[in-house]
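>>> Here is my input, please return the structure:
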Amino acid sequence: MEPEPRKIETSISDSHGILVGDGGIQFNYAGRATAGDNVIDQFAPRYAAGQLRAMPFRAAFQVLAEAPVDKAAAVLRLLLASSDALVVALIAEMHPERVRALVDAGGAELEVLRDIREADDQISDCLDTLHPALGAEQGGLRRVAPSPRGNTGFYRRFEHGAIFWSSVGGAVPLSSPFFDFHGDAGGTGGRLGFPIDVSRPVTGRGVVTEAHRQDFEFDEHSRRTSAYCTTEYGVFATWGGIGEHYDRRGGPDRFGFPTGPEVVIGPTRRRGTGDSGWIQAFEKGSIAYTDSTSAIEIMSPVRDYYDANGGAAGRLGFPRGSSHVAGRSPQGTDGRFQRFEGAWDYPDDLLAACIGFGHPGGASVYTSVHGTHKVDGGIGILYERMGGTAGWLGFPTEGSQKADDQRRTQGFEGGAIYWCPEHNAVPVRMDVLALLHPDIGFPTHAEQPIGAGPDTIQFFEAGIVTRRSTGLTVWHP
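Numbers count the residues shown, from 1 in each chain. Sure thing, here's the model as predicted:
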């Protein structure tokens with residue numbers, strides 16, 4: 001004998017990807033059909049489906065339960081396309097054996113209904129452990145949109161959230177603010193899909209040390225998609241290649257919690273010839289992802305400089321390799337560097353010789369006791385060819401400076417590099433810089449030996465500097 005059915009609410013207004021037809025069950029039945037006068041057995045499926053929609057729920061349930069299986073299945077196929085909520089409510093009340101028979105007879109179209117009783121039972125069990133945390137129920141069992149991974153399921157809505165059921169996660173509660181975030185992201189039909197585990201407290205080592213995490217279905221890149229909720233930042237998800245890198249490299253312990261959403265960037269570079277991808281900010285760094293490089297992290301203080309200068313949308317573009325320890329400078333300074341796209345790629349031979357360029361690029365950011373500075377363009381090419389931080393120039397002490405519209409200089413521990421279209425990039429040692437007057441102009445050549453001895457000479461636009469055993473001399477014409 002069937003158990004007494006519980007009251008089924010049929011309000012289906014929602015933003016969580018609910019599949020609905022004509023708006024729910026109608027209680028204004030005006031027909032004459034009863035269980036003894038079975039409209040399904042006597043009339044064509046389309047007419048019988050219309051009659052069921054007009055019946056009181058208990059009358060419709062009795063007619064469907066007593067009709068021949070094949071005819072009832074034909075009517076259910078029609079109802080599923082037009083009165084989804086009614087079908088779910090009716091099937092949820094039926095004996096499991098009757099449900100299996102109807103689904104088997106209805107073919108692929110009714111396959112989604114096979115798990116209704118299991119879903120409703122598991123959701124009820126889950127509710128027993130949560131009540132009254134979710135508040136009053138605001139509707140009966142409802143079918144939801146399939147996830148992008150092809151999983152199907154059901155849910156019941158409550159005042160402060162919902163309980164979802166799917167074959168991949170079972171019955172999982174989703175309360176606000178995760179429920180609201182899930183709905184805004186497209187619900188089960190959006191990128192998050194179904195929740196697969198309950199919300200859990202997590203700790204991190206950023207500015208914020210506590211948060212809650214809600215896990216959702218995996219995607220093609222990551223083991224799971226997770227949403228993190230903090231009082232300070234709100235709710236943001238980590239997913240795809242960025243989420244996979246975040247989880248694999250230490251998650252909240254290494255990066256802190258997400259402070260914003262994943263952002264689409266690109267194509268980069270002035271004429272749109274650069275890369276395209278995604279980037280997401282966390283408390284202690286950012287993670288960028290492109291199809292050409294996969295995920296690369298940018299940790300502070302390089303990240304702070306990167307963000308202050310336009311990030312991936314600025315001149316630096318996307319990172320081309322991870323952070324590396326820089327060679328100790330002749331001045332005894334230690335630090336780190338990271339390679340980026342830049343405005344154009346360095347020559348192939350230089351890229352092959354440089355550590356840290358996992359992919360072509362044309363800029364580097366160095367950080368040391370002298371601060372965090374970018375080196376790129378013609379200055380960067382010469383600097384790298386001269387050995388970078390391990391060469392006599394050492395670490396950069398400032399960013400590139402404009403001398404005029406077409407000329408630039410950049411200071412380093414051991415000197416400076418001058419760049420202009422006429423003479424390209426030319427280095428000048430620190431002791432020479434100390435003697436120069438602005439009137440001498442830009443260097444035209446690098447320092448070069450005089451004959452076979454130790455003496456050297458360097459030419460400038462308006463002068464010469466010689467280095468002899470007796471010291472430096474500046475010559476003006």
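>>> Output the below-cut-off pLDDT ranges for this protein.
For the chain, the stretches with pLDDT under 70 are 1-37, 220-223.
>>> Mind doing that once more with 80?
Within the chain, the segments meeting pLDDT under 80 span 1-37, 131-132, 219-224, 477.
>>> Please parse it into its domains.
Using automatic domain parsing, the domain ranges for the chain come out as 1-114, 121-263, 320-434, 439-477.
>>> Quick check: end-to-end length of the second one?
When the termini of domain 121-263 are compared using C-alpha to C-alpha, to the nearest Å, they are 40 Å apart.
>>> one step back: turn the domains of the chain into JSON lines, columns for distance to D304 and mean neighbour count.
Where you see a C-beta, it was placed from the backbone N, CA and C, and this is true even at glycine. Below are the domains of the chain laid out as JSON lines (distance: least, C-beta to C-beta, whole Å; neighbours: other C-beta atoms under 10 Å):
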{"stretch": "domain 1-114", "distance to D304": "38", "mean neighbour count": "17"}
{"stretch": "domain 121-263", "distance to D304": "13", "mean neighbour count": "19"}
{"stretch": "domain 320-434", "distance to D304": "7", "mean neighbour count": "19"}
{"stretch": "domain 439-477", "distance to D304": "32", "mean neighbour count": "14"}
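>>> Turn those domains into a markdown table, columns for distance to G277.
Output for these, formatted as a markdown table (distance: least, C-beta to C-beta, whole Å):
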| stretch | distance to G277 |
| --- | --- |
| domain 1-114 | 28 |
| domain 121-263 | 9 |
| domain 320-434 | 11 |
| domain 439-477 | 38 |
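>>> closest to R270 out of the ones you listed?
Of all these, it is domain 320-434 that lies closest to R270, at 6.9 Å by C-beta to C-beta.
>>> and the end-to-end length of that closest one?
36 Å.
>>> just how off-centre is the helix or strand that contains G378 within its chain?
Per DSSP states H and E: G378 is located in helix 377-385. Here the centre of helix 377-385 is set off from its chain's centre by 34 Å, with C-alpha atoms, centre = their mean, to the nearest Å.
>>> following it, which helix or strand shows up next?
Moving toward the C-terminus from helix 377-385, the next helix or strand (DSSP H and E) is strand 401-402.
>>> Partner strands of that following strand and their direction?
strand 408-412 (antiparallel) (DSSP bridges).
>>> the strands in the stretch 51-200 of the chain, which residues?
Applying DSSP state E, counting those that start in this stretch to the stretch 51-200 of the chain gives strands spanning 142-144, 153-158, 161-166, 170-175, 200-203.
>>> so what secondary structure elements neighbour the helix holding G378?
Contacts defined by 3 or more C-beta pairs under 8 Å, 6 or more residues apart in numbering; DSSP states H and E place helix 377-385 against helix 348-353, strand 363-368, strand 408-412, strand 415-420, strand 424-429.
>>> relative to strand 408-412, how tilted is it?
30 degrees (axes from the mean of the first three to the mean of the last three C-alpha atoms, to 10 degrees).
>>> Need the contact partners of helix 377-385.
For helix 377-385, contacts defined as C-beta atoms under 8 Å, 6 or more residues apart in numbering pick out 342-343, 346-347, 350, 353-354, 362-364, 375, 391, 393, 400, 408, 410, 412, 417, 419, 424-427.
>>> rerun at 6 Å
Y346, L350, C354, V375, Q410, I417, W419, N424, A425 (C-beta atoms under 6 Å, 6 or more residues apart in numbering).
>>> any idea how far the nearest residue to the last one once chain neighbours are set aside lies from Y418?
This points to A425. Among residues not flanking A425 along the chain, L382 sits closest, at 3.8 Å (C-beta to C-beta, 6 or more residues apart in numbering). Note on L382: its distance to Y418, by C-beta to C-beta, to the nearest Å, is 10 Å.
>>> Same question for A363.
Distance, A363 to Y418, by C-beta to C-beta: 19 Å.
>>> cool, Q62 as well?
In this view, Q62 and Y418 are 93 Å apart by C-beta to C-beta.
>>> and if you look at F318?
In terms of C-beta to C-beta, F318 sits 29 Å off from Y418.
>>> you'd agree L52 is up against R58?
No. Using C-beta atoms under 6 Å, L52 is not in contact with R58, being 12.0 Å away.
>>> elements contacting whichever strand or helix holds G241?
If you go by DSSP H and E, G241 is part of helix 240-248. Other elements packing on helix 240-248 under the criterion 3 or more C-beta pairs under 6 Å, 6 or more residues apart in numbering; DSSP states H and E are strand 285-290, strand 294-299.
>>> which one of those strands is the most hemmed in?
strand 285-290 (a mean of 25; mean count of other C-beta atoms under 10 Å).
>>> With A74 as the reference, measure out to the nearest residue to R77 once chain neighbours are set aside.
Closest residue in space to R77, ignoring its immediate chain neighbours: E109 at 4.9 Å, by C-beta to C-beta, 6+ apart. Look at E109 and A74: by C-beta to C-beta, they are 10 Å apart.
>>> and what of S322?
Taking C-beta to C-beta, one finds S322 at 61 Å from A74.
>>> again, but for G321
Counting by C-beta to C-beta, the separation of G321 from A74 is 62 Å.
>>> Which one, of the domains of the chain, ends up nearest to D275?
Among the domains of the chain, domain 320-434 sits nearest to D275 (C-beta to C-beta), with 6.3 Å.
>>> residue contacts, the residue positioned nearest the centre of the chain?
For the chain, the residue nearest the mean C-alpha position is E262 (3.9 Å; C-alpha atoms, centre = their mean). Taking C-beta under 6 Å, 6+ apart as the criterion, E262 is in contact with W278, Q280.
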